[in-house]
Each structure stands twice: as C-alpha cells, then as structure tokens.
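Trainee: After the sequence you'll find the predicted model.
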Amino acid sequence: MAITAGMVKELREKTGAGMMDCKKALVESNGDLEAASEWLKNKGLSSAGKKSDRIAAEGAVVVDLDENLSKATMVEVNAETDFVAKNDQFQNFAKRVAQQVAEKNPADIDALNQTQIDGQSFDEYVKLNIATIGENLVVRRFAILEAGENEVVNGYTHMGGKIGVLVKAKFEKGEMKNDVADFLKQLAMHIAALKPTILSYEQFDDAFVESETEGMIKTIEKENEELARLKKPLKNVPEFVSKKQLSDEVMAKVEERLKEELKAEGKPEQIWDRILPGKIARYIADNTLLDQQLCLLDQFYALDDKKSVAQVVEEKSKALGGTIELVEFVRFELGEGIEKKEDDFAAEVEAQLK
C-alpha cells in the first residue's frame with residue numbers, strides 16, 4: 001500500500017513521533033493507522049528502556065490550582081537537559097502530569113503509574129513521551145494540599161519553574177478568604193527565596209538542635225576572627241540556637257544576668273523595666289539563629305525584614321478582623337538531592353577519536 005504524506009502527517013499529529021518514524025510505522029503496518037500507532041508505542045517503550053538509566057536532573061516544577069483555591073497540586077518532572085526542559089513539548093507534558101495528579105489523587109508515584117490516561121497506563125504514557133521527546137523523563141515527586149472549611153491554599157513557581165511552593169492557611173471568617181489567598185501568594189514568594197524547611201521550631205527534634213548548636217557557634221566565632229582582623233564590630237556569640245532550648249529556667253537566668261549588667265552600668269532600677277524588654281528581645285534574636293534559618297514563622301519577612309513572619313501574620317489578622325493560622329507549606333527545588341553527572345567533553349571527544 002502506498003504511504004502518502006497525508007497519512008504520515010495524521011500519524012505524526014496523533015503520536016508526536018518523528019516524521020521518518022511515522023513513515024516506517026505505516027510501512028510496517030501496511031498503512032493501518034491504529035497498528036502504526038501501536039508499533040510506535042512499542043518502539044517508544046523499547047527506546048524508553050534504553051534511556052531510563054540516564055540521569056535526569058533538569059526539568060520543571062509545576063503548580064496546579066483549582067478555581068476555588070481549595071486544592072493545590074505540585075509536581076517535579078525531570079528531564080536530562082535544560083534545553084529540553086524549556087521545550088514546549090516538555091512543558092506541556094509536565095503540566096499534563098500535574099493535572100493527572102490533581103485529578104486522580106494518587107497516594108504515591110507507584111499509584112500514579114497505575115492510573116489511566118489517554119487509554120493507557122500513566123507509566124506507558126511517560127515512556128511514550130520519552131520516545132517522542134528523546135530524553136529520559138522522570139516524574140520524581142508530587143505534593144497535594146487540600147483546604148477544608150475556612151481554609152485556603154495557594155501556590156507559586158519561581159525562576160521559570162526551578163522552584164515551587166504550596167501554602168495552606170486557616171482563617172476565622174468566610175469573607176477573609178480572598179485576602180488570605182493573596183497573602184499566601186506573597187508568603188509563597190518568601191518561602192521560595194528564604195528556603196524554610198519547617199513551620200515552627202516546635203517541630204524540631206531535640207537531637208537535631210543539639211547537633212547544630214556547636215557548629216553554628218563555631219561558625220560565628222570564625223566570622224568574628226575575620227571581623228576583628230578587619231576592625232569591624234563583632235557579632236554576639238550565642239549560647240543557644242533555637243527557642244527549643246530557651247526554657248523558662250534559662251530565660252529567668254538571662255533576665256537576672258541582664259539586671260546585673262544594668263546595675264553594673266549604673267542604670268537606675270526604676271527604668272529597668274523600659275530597658276529589659278529590648279535586651280531580652282536581642283538575646284532571643286541572637287540565640288535563635290537556627291530558627292531564623294529553617295523555621296518559617298521565625299524568619300524575618302522578605303518584604304519587611306524588621307518583622308518576623310509570625311509578626312506579619314498577626315498584623316494581617318488584625319487588619320482583616322479575624323485570626324489567620326498557617327497550617328502547612330511545601331517547597332520543591334528542581335533537582336535538589338540529585339547527583340548530576342559532570343560531563344568531560346575533552347575526554348568524550350578523545351574516546352571517539354580512538
């Protein structure tokens with residue numbers, strides 16, 4: 001049977017495969033469009049298998065939000081090269097993945113692979129796209145946040161899909177929803193930039209805090225050596241690094257020590273109550289560096305670095321006439337934790353010349 005250009009075009013539009021592959025598929029299938037599609041799928045599965053061991057650390061983080069901001073989905077989809085990651089075909093694939101996760105609500109990647117999409121398993125769908133796009137593609141991870149009553153979610157992607165954030169909050173009054181959603185968008189931008197890993201210091205494991213204390217103190221002491229060499233003001237060396245360590249007993253001792261310092265400075269006792277709050281606040285700031293680094297509520301807000309995120313949430317609550325409570329957030333950074341292969345171009349050329 002003669003294979004026409006129109007037949008090749010129709011198969012190419014249906015499958016997204018290359019023109020020569022489409023022509024060969026039609027020849028092998030004697031012009032049967034469905035059989036040719038199946039032939040390409042089988043060829044794609046074979047090609048995907050050869051590509052599956054390649055490292056995929058580029059790609060995109062995609063956020064999918066429903067109209068009511070009651071469900072937010074985020075996926076990280078990886079490709080091998082940044083060039084392919086910027087391609088419209090890959091971008092459309094990544095968006096489709098996010099939509100599939102949002103629609104099917106799978107428990108994990110294995111469950112996602114078992115879902116159906118376009119009349120085939122999701123796993124087969126990915127492999128067909130691997131064959132079409134020509135690089136290994138990996139749906140690495142996903143997150144879903146769903147809002148209940150008087151809750152709202154929002155999301156944000158940064159740097160063209162290099163970073164993605166989802167945030168969820170509770171609010172006291174129904175009329176606050178839109179304003180809280182807008183605030184969450186700003187907060188998601190903060191999270192993208194400042195990289196918190198948990199909501200509050202209360203979520204820290206005691207052993208983790210203990211393990212970080214000595215290292216952070218030594219880092220500041222080392223920085224002070226350089227500041228001293230440059231004849232610049234030194235940083236206060238902390239005793240602690242988290243509010244997790246600032247028990248009532250510890251803070252009582254701190255207050256007594258600060259009072260002794262005021263007495264030694266000759267400050268009248270009747271004005272101590274005006275001086276002490278500022279000194280205590282400074283002590284807490286100096287001794288909660290781990291919280292400021294990793295805990296969202298304790299970080300200084302990106303849009304107003306004189307206030308913590310917790311203070312900004314409190315101010316926003318007062319402005320809207322009802323309480324706001326941050327419930328959860330998720331942050332994905334493209335390729336984090338993936339060991340990328342470093343190509344030695346000279347060695348590759350040399351090997352080909354042998």
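Mentor: Received it, and whenever you're ready, just let me know what you need. Residues are numbered from 1 along each chain as shown.

Trainee: can you map out the strands along the stretch 1-150 of the chain?
Mentor: Counting by DSSP state E, counting those that start in this stretch, the stretch 1-150 of the chain has strands at residues 58-65, 71-79, 116-117, 120-121, 138-146.

Trainee: I meant to write the stretch 251-354 of the chain there.
Mentor: 300-301, 304-308, 324-333.

Trainee: what's the distance between the lengthiest helix in the chain and the middle of its chain?
Mentor: Among the segments of the chain that qualify as a helix by DSSP state H, the longest is helix 206-229. How far helix 206-229 lies from its chain's middle: 27 Å, per C-alpha atoms, centre = their mean, to the nearest Å.

Trainee: Ok, stretch 15-35 next?
Mentor: That offset, for stretch 15-35, works out to 41 Å (C-alpha atoms, centre = their mean).

Trainee: Please apply the same query to stretch 237-253.
Mentor: On C-alpha atoms, centre = their mean, the centre of stretch 237-253 falls 31 Å from the chain's centre.

Trainee: can you list the residues that contact it?
Mentor: If you take C-beta atoms under 8 Å, 6 or more residues apart in numbering as the criterion, stretch 237-253 is touched by 201-202, 204, 206, 209, 212-213, 216-217, 220-221, 224, 280, 284, 286-291, 298. Bear in mind the C-beta positions are built from the backbone N, C-alpha and C, glycine included.

Trainee: now do 6 Å
Mentor: Here stretch 237-253 makes contact (C-beta atoms under 6 Å, 6 or more residues apart in numbering) with 201, 204, 209, 212-213, 216, 220-221, 286-291.

Trainee: Could I get the average pLDDT for it?
Mentor: Stretch 237-253 carries an average pLDDT of 97.

Trainee: Check stretch 35-46 too.
Mentor: Average pLDDT, stretch 35-46: 70.

Trainee: Check stretch 57-75 too.
Mentor: Mean per-residue pLDDT for stretch 57-75: 97.

Trainee: May I have the distance across it, first residue to last?
Mentor: 14 Å (C-alpha to C-alpha, to the nearest Å).

Trainee: Compute the distance between residue 95 and residue 77, please.
Mentor: Per C-beta to C-beta, to the nearest Å, residue 95 is found 9 Å from residue 77.

Trainee: Neighbour count: the two, which is higher?
Mentor: Ranked by neighbour count (other C-beta atoms under 10 Å), residue 95 and residue 77 place residue 77 first, with 29 against 16.
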